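1. no sequence on this one, just coordinates:
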């Protein structure tokens, strides 16, 4: 039930497989829902060369750990997993992975979406995009790149 | 945008990766939601040794192809993918995979769930479970194993 | 020509057959196809019907050469 | 003891600092921490505040040794 913060590229599908085979009880869960947020190469019709994701390390970890714990109880999950990048991120690289394992599909879907919505609303990360015109902080009026 | 019917075991995470790298345009999609339904080893407190999934091949293919097409349009997806087993299936084996790739997360979540809900309601598959007491068709009153 | 009739899952087992052929006649509907091939067996309430891979109601008209299918509620996924 | 103050993202750039220290006094709240370290700069309307990694309102009381953070709306995921 971990939340993992990474400053290097990761392969979400390999992470799901290895976590699942190490931590989940075979034959027990029936439903796995996952979400992967990937960096796009454009936003508001501007081409993005890369972005820098700043965060508040201790609070991010604390917030995501608590989110996993709450979600596991609320949705009666077998387990859940969050992986989130920080630092420099390039187009086509995964930014975030959320996964929920449950007996039934409704809980797995609800939980995976809850993890993402809560993370987007409250986890202390900030995106700065680098375009041909320079750098810009992503804010509420500039979020068409959001996943 | 294919719907694939298989009578052999498959690895959903490898399928997502290879489909994505072959068919999706890098940097274009920002959100990937996937669902994997896995066979559980118990249902209604009875241990299940395996199950046989019967289907109506031509109609299943036709139905799932149309479902992909409709979903892609409705949710403005970059792409979607369905893989579904038939034949003999054993505990811990994946039964079904649905994936939706989109620019934004709301559409990816909605589409992935729509694919699964429509499939469960209408795709012509029928599960027969094999327990120590013999075989039984899964029906509405006997669906607590559903994902 | 004629109508190709298919049965699946518990219905296939109930009727003891997977496939049948019914001769076409004007005005034939799905209910009449069932009666011709299943004789005295009443169609179970929850039976689903399809013509040429599309769901239809039991009063849908059949055309010569159609494939008509009967099956119980689906349980895939 | 004292209060450790942290600023992030656009707020860090606006203020030109990432970290500051404020001395503790009885009854200190988050608003007062901002005023002590930011002087004449008004706190932007959408600023979020946290004490020891938990979101709080600007009128929340601070305890000696706390870490207080100020940052703009979050944009992760």
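-> Yep, that arrived. Every value quoted in this text rests on a predicted model; they were computed, and no experiment measured them.
2. how about the strands in chain C?
-> C:2-7, C:19-23, C:48-51, C:54-56, C:67-71 (DSSP state E).
3. and the helix or strand hosting residue A:5 with chain D, contact?
-> Element membership of residue A:5, judged by DSSP states H and E, is strand A:3-6. No. Against chain D, strand A:3-6 shows no contacts by CB under 8 Å from any CB of the partner chain, the least distance being 10.6 Å. In short, each C-beta sits where N, CA and C put it, glycine included.
4. what's in contact with that strand?
-> Applying CB atoms under 8 Å, 6 or more residues apart in numbering or on different chains, the external contacts of strand A:3-6 come out as A:55, A:57, A:60-61, A:64-65, A:67-68, A:81-86.
5. Those residues: which two are farthest apart?
-> The largest distance within the contacts of strand A:3-6, taken as CB to CB, falls between A:57 and A:81 and amounts to 19.1 Å.
6. ok, the two, which is more surrounded?
-> Neighbours per residue (other CB atoms under 10 Å in any protein chain shown) separate residue A:57 from residue A:81, with residue A:81 holding more: 23 against 11.
7. Now do the contacts for that one.
-> Contacts of residue A:81 by CB under 8 Å, 6+ apart are A:1, A:2, A:4, A:15, A:16, A:19, A:68, A:97, A:98, A:99.
8. Okay, and the beta partners of residue C:67?
-> residue C:4 (DSSP bridges).
9. Now do it: how many residues are near it, please.
-> So residue C:67, with other CB under 10 Å, has 17 neighbours.
10. again with residue C:63
-> Neighbour number of residue C:63 under other CB under 10 Å is 11.
11. before we move on, back to that, arrange the strands of chain C in TSV, one row each, with mean pLDDT as further columns.
-> As requested, these are exported to TSV (pLDDT from 0 to 100):
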stretch	mean pLDDT
strand C:2-7	97
strand C:19-23	97
strand C:48-51	98
strand C:54-56	98
strand C:67-71	98
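12. so of these, which one's packed in deepest?
-> strand C:67-71 (a mean of 23; mean count of other CB atoms under 10 Å in any protein chain shown).
13. For that strand, which helices and strands make contact with it?
-> strand C:2-7, helix C:9-15, helix C:30-38, strand C:48-51 (3 or more CB pairs under 8 Å, 6 or more residues apart in numbering or on different chains; DSSP states H and E).
14. For the closest residue to residue C:38 other than its chain neighbours, give its distance to residue C:34.
-> Using CB to CB, 6 or more residues apart in numbering or on different chains and skipping residues adjacent in sequence, the residue nearest residue C:38 is residue C:15, 6.2 Å away. Residue C:15 sits 10 Å away from residue C:34, going by CB to CB, to the nearest Å.
15. Between those two, which is the more surrounded one?
-> Set side by side, residue C:15 and residue C:34 show more neighbours around residue C:34, with 21 against 15, by other CB under 10 Å.
16. these two touch, right, the more buried one and residue C:58?
-> Yes. Taking contacts as CB atoms under 8 Å, residue C:34 lies within contact range of residue C:58: 7.4 Å.
17. what is in contact with the two at once?
-> Common neighbours of residue C:34 and residue C:58 (CB under 8 Å, 6+ apart) are residue C:43.
18. All set now, cheers.
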